[in-house]
Structures are given as structure tokens and as C-alpha cells.
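# any chance you could fold what I've pasted below:
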Amino acid sequence: MSRRSITFTINGEKKTFEIEPGEKLAKLLRRKGYVGVKEGCDEGTCGACTVIIDGHAVFSCILHAFLADGRDVRTIESIGDFDNPHPLQAALVEEGAVQCGYCIPGMIMSAEALMQEMSNPTDDDIRTRMDGNLCRCTGYEKIWAAVKKVAQTNKS
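Reported below is the predicted structural model:
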């Protein structure tokens, strides 16, 4: 089998990529410099690799890269920066929800997808939709509080 070209929109920019047979999206993205997509379990159980595809949070470590062809993909690189943080980034810091930070990109992407879909998520909505994102440092209360804070701000 040989390499193949695919084209998709990544963080608002249409790009073409050469992929290897069987290559997963997380590996492709990291190879192309989108290092905010973290490699954790490579099994779809930790959420560190979460990206948003066509508005839905997806574990990129288990998604074959060719399935992104023609789609809209967003990574953490599309969400705020140090000088101009996204409200989710700021809320996570304000709530003391960030320790080592490894899980945070995936957490933010899952929360962003949730808030794009639901303008007023309940506590249960937040916990259910964030369930696939694991954090070994903090426990989840502060993370959920940060997501709820942003969701409440967005609806007002």
C-alpha cells in the first residue's frame, strides 16, 4: 500500500496532507506540528487527543486519518493563546483546575464541542460529555466548575 493525499480544513485553513496507510489522525496532526493534540493511551480511553470534527468531539488517536478527508477539524491550536486566552482556558486557571496540564487541551476541546451543541448544559450534561477525558492530577470538580462558569457566562 502507498501513501495517499487527503484534504480537510484544519483550524479554518484548507490543507492537503500525505498520509501513511493505517495512520491515525493524532499521529498525522502531531507530525504536522499540531502538538497540542496529546498522545496518551492510543486506545480512545483518556481523551488527551480530543479534537473537534464537524462540531463533535472525537478521539483522534483511534480515528484513521483518511476519515478526516473533506471535513472540518479543529485542534486546541484554534482556541485562544497566552495573550488572548479562550474563556475556557481562563476559567480553568481561575478555578485552579490546571496542574500538570497534559489533559487540558482535550478537556477544552470536549467542553467547546459541548457548548457549541448546548447553550445551557446541566451539571449532568457536563459530567456526561466530559466523561471520556481523564485527569490524574486534579479530580474533576474544579474542571466541571470552570466549564459551568463559562456556560453560564455564554447564556447571559
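
# the helix or strand of the chain with the lowest mean pLDDT: which residues count as buried?
Least confident helix or strand, the chain: helix 141-155 with a mean of 89, by mean pLDDT, DSSP states H and E. Within helix 141-155, the residues that qualify as buried are 142-151, counting by 16 or more other Cβ atoms under 10 Å. Yep, even glycine has a C-beta here, placed from its N, CA and C like the rest.

# swap in stretch 16-27?
17, 19, 23-27.

# ok, now stretch 120-128?
For stretch 120-128, a neighbour-count test (16+ other Cβ under 10 Å) marks 121, 125-126 as buried.

# can you give me the helices for this protein?
25-31, 87-94, 104-117, 123-129, 141-155 (DSSP state H).

# the ones you listed: which one's closest to R71?
helix 25-31 (10.1 Å; Cβ to Cβ).

# need the contact list for S78.
Applying Cβ atoms under 8 Å, 6 or more residues apart in numbering, we find S78 in contact with 11-12.

# how much space separates it from E39?
Distance, S78 to E39, by Cβ to Cβ, to the nearest Å: 19 Å.

# which one is the most centrally placed residue in the chain nearest to, not counting chain neighbours?
The centroid of the chain falls nearest to M109 when counting by Cα atoms, centre = their mean (3.0 Å). The shortest distance from M109 to any non-neighbouring residue, by Cβ to Cβ, 6 or more residues apart in numbering, is to T50 (4.3 Å).

# ditto for R74
I52 (4.2 Å).

# what's the neighbour count on the one you found?
22 (other Cβ atoms under 10 Å).

# re earlier: JSON lines for the buried residues of stretch 16-27, including distance to C137 and pLDDT?
Output for the buried residues of stretch 16-27, formatted as JSON lines (distance: Cβ to Cβ, whole Å; pLDDT from 0 to 100):
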{"residue": "F17", "distance to C137": "33", "pLDDT": "98"}
{"residue": "I19", "distance to C137": "33", "pLDDT": "98"}
{"residue": "E23", "distance to C137": "30", "pLDDT": "97"}
{"residue": "K24", "distance to C137": "26", "pLDDT": "98"}
{"residue": "L25", "distance to C137": "26", "pLDDT": "98"}
{"residue": "A26", "distance to C137": "21", "pLDDT": "98"}
{"residue": "K27", "distance to C137": "25", "pLDDT": "98"}
